[in-house]
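*Asks:* next one to model:
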Amino acid sequence: MPKALDILIIGGGISGCSAAIALSDRGHRVRIVERQPEWRFQSSGIFVYANGLVSMAALGLLNEIVAAGFAVDDGRNLYLDHHGDPITETRYPTPDAARMPAILGIKRAEMHRVMAGRVAELGVPLRLGTTVDRIVQDAAGVTVTLSDGSRERHDLVVGADGVRSATRAQIGIDLAPRHTGFGVWRSVHRRPPDLTDKIMMMGPAKRFGIMPISEDKLYTFGTVAEPGDAYFPPDTWPDEMRARFAEFEGPARTFLDALGPDSETLYTAVEEVVLPLPWHRGRVVLIGDAAHAATPFMGQGGAMAMQDAVVLAEALDRVDDIGAALTAFGAARHPVCRFVQDASRAVGEAGAKEAAGDLAARNAGLKATAQAAVDGFYRRLEALTRDGEARLRR
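*Replies:* So this is what the prediction gives:
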């Protein structure tokens, strides 16, 4: 698309920042509105696998992000049972002949700091404490009314406002997030110097993971069945998390015992957004969790958001008509994101059905198939991603 577009991005999270960077780098005039009065991320950490690191490189963020986090260069993931006894280990793939790490752990606030710094370097205007109250489209553009009463005109609006996207409803898509039956408990701790691998502990119908996120910090994450209407006051999160995973020993025990009133602890219900194509209406397009929020079992949420941004920018470059470009973007991304959603959901549902008597058989199955499952997932993911990129370039 030879013309530089005026683009409004609604939401300043991972997908919104990534889109601002990718689109600004291509010469578009971009601005962000963010509902938070202060620009910040939730506590805890995130881990990013090879495909997400490739997108970070495309956004020009890789070196600074790696420096701010903790790289597991060889991709080693240890599987232990809930007593701490070893089951097996897997190795995640590395991109570019291992010039990038296989897994990167990083605190969410640090990842956001790096992204926000790049957004500022590019001169992207940001309005905090601001929402979009109304979206009206015509053939030539989009008029938005902001929460302060002001009105703006844009060529394109990108809804990057997450699972509970207001943009989704404002453009006539009646789709509420679906509770998956799971909750995720997270906490941040000091990292022992010898803990340098990603660890996944397998309990009966529960999982407890440990991931380094910096030279001195790690985060833990536990998944367990929780009802959709479950509410836990934040001041109870440390005690609730410790109780949920009380049967876990081994490396988990140190961190569970350390939970207290001053701990960085976070609980979130796990919801999905499974939106069929098209992901756009007119000149308004949804990206990231607003279009395809997934369960956390494959660790792909952040990567999918960053890939959306990179592919959207390329689609607008390659296709002259905005509507056709947004159609091409959706066609490239939908098969990839749906594959991740389906694979992640299947892993979670299989784990939820476990009973104590099944664990020996489960552990034997992991030993026999875990590496093949990792390899197969990433081969299929890469193939779908390449197919989508090829569609854009035809």
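*Asks:* now find how far off-centre the longest strand along the chain is within its chain.
*Replies:* Assignment by DSSP state E gives strand 178-190 as the longest strand of the chain. How far strand 178-190 lies from its chain's middle: 13 Å, per C-alpha atoms, centre = their mean, to the nearest Å.
*Asks:* avg pLDDT for it?
*Replies:* Here strand 178-190 scores 95 as its mean pLDDT.
*Asks:* each with direction, which strands does it pair with?
*Replies:* strand 217-225 (antiparallel), strand 264-272 (antiparallel) (DSSP bridges).
*Asks:* residues contacting the closest residue to Arg186 other than its chain neighbours?
*Replies:* Using C-beta to C-beta, 6 or more residues apart in numbering and skipping the chain neighbours, the partner closest in space to Arg186 is Ser44 (3.8 Å). The way it works is simple: take the backbone N, C-alpha and C, and place the C-beta from them, glycine included. Contacts for Ser44 (C-beta atoms under 8 Å, 6 or more residues apart in numbering) come out as 107-108, 186-188, 219, 221, 264, 266.
*Asks:* of all the strands paired with strand 178-190, which lies closest to Ala360?
*Replies:* Ala360 lies closest to strand 217-225 among those, at 21.2 Å (C-beta to C-beta).
*Asks:* how far does the helix or strand just after that closest one sit from the chain's center?
*Replies:* Proceeding N to C from strand 217-225, the next assigned helix or strand is helix 237-244, under DSSP states H and E. Centroid separation for helix 237-244 versus its chain: 24 Å, with C-alpha atoms, centre = their mean.
*Asks:* what does stretch 239-256 give?
*Replies:* For stretch 239-256, the distance to the chain centre is 25 Å (C-alpha atoms, centre = their mean).
*Asks:* what's the first-to-last distance across it?
*Replies:* 9 Å (C-alpha to C-alpha, to the nearest Å).
*Asks:* again with stretch 131-151
*Replies:* 12 Å.
*Asks:* so for it, what's the average pLDDT?
*Replies:* The model assigns stretch 131-151 a mean pLDDT of 96.
*Asks:* kindly report the same for stretch 257-264.
*Replies:* pLDDT averaged over stretch 257-264 gives 95.
*Asks:* repeat that for stretch 46-58.
*Replies:* Here the average pLDDT along stretch 46-58 is 94.
*Asks:* same deal with stretch 344-360?
*Replies:* 83.
*Asks:* buried sites along the helix or strand hosting Lys367?
*Replies:* Using DSSP H and E, Lys367 maps to helix 359-393. Within helix 359-393, the residues that qualify as buried by neighbour count (16 or more other C-beta atoms under 10 Å) are 359, 362-363, 366, 370-371, 374, 377-378, 381-382, 384-385, 388, 392.
*Asks:* what's the answer for stretch 79-97, then?
*Replies:* Buried residues in stretch 79-97, counted by 16+ other C-beta under 10 Å: 79-82, 87-90, 92-95.
*Asks:* take those and keep only those in strands.
*Replies:* 79-81, 87-90.
*Asks:* columns pLDDT and distance to Thr236 on top of those residues, output as TSV?
*Replies:* Listed next are these as TSV, based on pLDDT from 0 to 100; distance: C-beta to C-beta, whole Å:
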residue	pLDDT	distance to Thr236
Tyr79	97	30
Leu80	97	28
Asp81	96	28
Ile87	97	32
Thr88	98	35
Glu89	97	35
Thr90	97	35
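*Asks:* can you redo those as JSON lines with distance to Phe339?
*Replies:* Putting these into JSON lines (distance: C-beta to C-beta, whole Å) gives the following:
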{"residue": "Tyr79", "distance to Phe339": "23"}
{"residue": "Leu80", "distance to Phe339": "28"}
{"residue": "Asp81", "distance to Phe339": "29"}
{"residue": "Ile87", "distance to Phe339": "26"}
{"residue": "Thr88", "distance to Phe339": "24"}
{"residue": "Glu89", "distance to Phe339": "25"}
{"residue": "Thr90", "distance to Phe339": "19"}
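*Asks:* about what we covered before: and among the strands paired with strand 178-190, the most buried is which?
*Replies:* Comparing the strands paired with strand 178-190 by mean neighbour count (mean count of other C-beta atoms under 10 Å), strand 217-225 comes out on top with a mean of 22.
*Asks:* list the contacts of that strand.
*Replies:* Taking C-beta under 8 Å, 6+ apart as the rule, strand 217-225 contacts 44-45, 70, 105, 107, 181-191, 195, 205-213, 241, 244-245, 252, 255, 270, 296-297, 348, 351-352.
*Asks:* which among those residues end up buried?
*Replies:* 44-45, 70, 105, 107, 181-189, 191, 195, 206-213, 241, 244-245, 252, 255, 270, 296-297, 348, 351-352.
*Asks:* let me know the average pLDDT across the helix or strand hosting Ala313.
*Replies:* Ala313 is located in helix 301-318, with elements delineated by DSSP H and E. Confidence for helix 301-318, expressed as mean pLDDT, is 96.
*Asks:* which other helices and strands does that helix contact?
*Replies:* helix 14-25, strand 45-49, helix 50-58, helix 289-292, helix 322-352, helix 359-393 (3 or more C-beta pairs under 8 Å, 6 or more residues apart in numbering; DSSP states H and E).
*Asks:* how about the ones you listed in CSV, adding distance to Thr145?
*Replies:* What follows is these, written out as CSV (distance: least, C-beta to C-beta, whole Å):
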stretch, distance to Thr145
helix 14-25, 19
strand 45-49, 34
helix 50-58, 33
helix 289-292, 19
helix 322-352, 21
helix 359-393, 33
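*Asks:* how about these, which one is nearest Asp235?
*Replies:* Taking these one by one with C-beta to C-beta, strand 45-49 is closest: 21.6 Å.
*Asks:* by how many degrees do that closest one and strand 217-225 diverge?
*Replies:* 90 degrees (axes from the mean of the first three to the mean of the last three C-alpha atoms, to 10 degrees).
*Asks:* quickly run through the sheet partners of strand 45-49, with directions.
*Replies:* strand 103-107 (antiparallel).
*Asks:* okay, the partner strand in CSV with CA atoms only?
*Replies:* The C-alpha trace of strand 103-107 is given here as CSV (Å, rounded to 0.1, in the frame of the first residue of the first chain):
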residue,chain,number,x,y,z
ILE,A,103,13.2,-20.1,25.2
LEU,A,104,13.2,-16.7,26.7
GLY,A,105,11.7,-16.0,30.1
ILE,A,106,11.1,-12.3,31.1
LYS,A,107,9.0,-10.4,33.6
